[in-house]
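Q: Sequence plus the predicted model coming up.
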Amino acid sequence: MSSLLKWNKGGLKSPMSRANGLGSAKTGLDHWLMQRMTAVVNLVLGLWLIYSLVFNVGATYTEVLAFVGEPLHAIFLILFVMSTFYHSVLGMQVIVEDYVHDEGFKIFKLLGQRILFFGMAIACIFSILQVAL
Amino acid sequence: MTDTSIQKERPLSPHLQVYKPQITSISSILHRMAGVFLTFGLFLVTWGMVALADGRESFEYFIEFCQSTFGQILLIGWSAAFYYHMSTGIRHFVLDSGFLFEKKAASVSGFVVIAIAAILTALTWAYVYKDMLIGGAV
């Protein structure tokens, strides 16, 4: 494993010579852009969700089922789930990369959240569809 | 094991030990903390949606949790974090476009986003608790 991680400590090379020549991963712009695109979607749909919740406080179970059953509401909710979960994974990745310096834990954390949040997002979308269809 | 002393002693960014806290750095770190907090809010989102699909009993248990004191504190916290993260996020869009970099503009906008977040949070919860506020103590 350690030989696979080019940036791991150890060996005779200096940190500079280990980093030299690797180049960028070529995916930085995509990460940056998606974080901002999902931010805009979160802004619109997050406000919509807060508005919907606040103006429907005290709604019964049946009323909530009917609300989510509206196609437009179901579509908004699914988009909200996709956008927020994606945005969260991207944001947490930035934080982990900035503050966590243990390679093993970093990879565990990044992969772990991706897998967990992918599953949770699927559970949300499946639930919305189950109610709406 | 093979760490050299040079590697160990190198300071890592952010260099908190040499910087005095300022509104610009505070608003940035709060933006990240709000983001982490909101990430945990996604567990509640998932719970709510799955409970709704699961049936009346599960959903009412979820609502009961939301209406408990602990649930209300969490929801107020998450709404404040959302509004703050949203306002700072818009500020970051402006910064990305190359504006607000003057010393004064950077500081003032930092305070403005905090004020906007506080006002939006207060308005939201004033509406939720409007009967209690208008009707006075019951």
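A: That came through, no problem.
Q: Which residues are in contact with the most centrally placed residue in chain B?
A: When CA atoms, centre = their mean is applied to chain B, the residue found nearest the centroid is B:Ala81 (2.1 Å). For B:Ala81, the contact set (CB atoms under 8 Å, 6 or more residues apart in numbering or on different chains) comprises B:34, B:37-38, B:41. In short, each C-beta sits where N, CA and C put it, glycine included.
Q: does stretch A:24-31 come close to chain B?
A: No: taking CB under 8 Å from any CB of the partner chain as the criterion, stretch A:24-31 and chain B are apart, separated by no less than 13.0 Å.
Q: Just give me how far that stretch sits from the chain centre.
A: Relative to the centre of its chain, stretch A:24-31 is centred 16 Å away, using CA atoms, centre = their mean, to the nearest Å.
Q: Please identify the buried residues of stretch A:19-31?
A: Using 16 or more other CB atoms under 10 Å in any protein chain shown as the test for burial, stretch A:19-31 gives no buried residues.
Q: how about the strands of chain A, start to end?
A: For chain A, strands defined by DSSP state E do not occur.
Q: Any regions of it where pLDDT drops low?
A: A:1-11 (pLDDT under 70).
Q: Tell me which residue of it lies closest to chain B.
A: Proximity of chain A to chain B (CB to the nearest CB) peaks at A:Ser127, 3.6 Å away.
Q: Please report the distance of the spatially closest residue to that residue that is not a sequence neighbour from B:Phe62.
A: Closest residue to A:Ser127 apart from its sequence neighbours, by CB to CB, 6 or more residues apart in numbering or on different chains: B:Ala53 at 3.6 Å. Computed as CB to CB, to the nearest Å, the B:Ala53 to B:Phe62 distance reads 11 Å.
Q: give me every residue that touches the residue nearest to A:Ser127.
A: B:Ala53 is in contact with A:126-128, A:130-131, counting by CB under 8 Å, 6+ apart.
Q: go again using 10 Å as the cut-off
A: A:65, A:68, A:123-124, A:126-132, B:59 (CB atoms under 10 Å, 6 or more residues apart in numbering or on different chains).
Q: May I have the phi/psi pair for it?
A: phi -70, psi -30 (degrees, to the nearest 10).
Q: Can you list the buried residues in the helix or strand where B:Ile90 lies?
A: Using DSSP states H and E, B:Ile90 maps to helix B:69-96. Within helix B:69-96, the residues scored as buried using 16+ other CB under 10 Å are B:74-75, B:77-92, B:95.
Q: For chain A, what is the nearest residue in chain B?
A: B:Ala53 (3.6 Å).
Q: what residues are up against residue 35?
A: This is for chain A. With CB under 10 Å, 6+ apart, A:Gln35 has these contacts: A:86-87, A:89-91, A:93-94, B:89.
Q: Please refer instead to chain B.
A: A:87-88, A:90-92, A:94-95, B:81, B:84-85, B:88-89.
Q: And the host helix or strand of it, how far out from the chain middle?
A: Using DSSP H and E, B:Gly35 sits in helix B:23-54. From the chain centre to the centre of helix B:23-54 is a distance of 7 Å (CA atoms, centre = their mean).
Q: between that helix and helix B:69-96, how many degrees?
A: Interaxial angle of helix B:23-54 relative to helix B:69-96 (axes from the mean of the first three to the mean of the last three CA atoms, to 10 degrees): 130 degrees.
Q: Name the residues of helix B:23-54 that come out as buried.
A: So for helix B:23-54, counting by 16+ other CB under 10 Å, buried means B:23, B:27-28, B:30-32, B:34-35, B:37-39, B:41-42, B:44-53.
Q: Measure how buried A:Leu47 is and give me the count.
A: 14 (other CB atoms under 10 Å in any protein chain shown).
Q: any idea which helix or strand carries B:Pro21?
A: Judged by DSSP H and E, B:Pro21 forms part of no helix or strand.
Q: quick one: low-confidence ranges for chain B?
A: In the predicted model of chain B, residues B:1-16, B:135-138 satisfy pLDDT under 70.
Q: circling back: excluding covalently adjacent residues, which one is nearest to the residue nearest to the centre of chain B?
A: B:Ala34 (4.1 Å).
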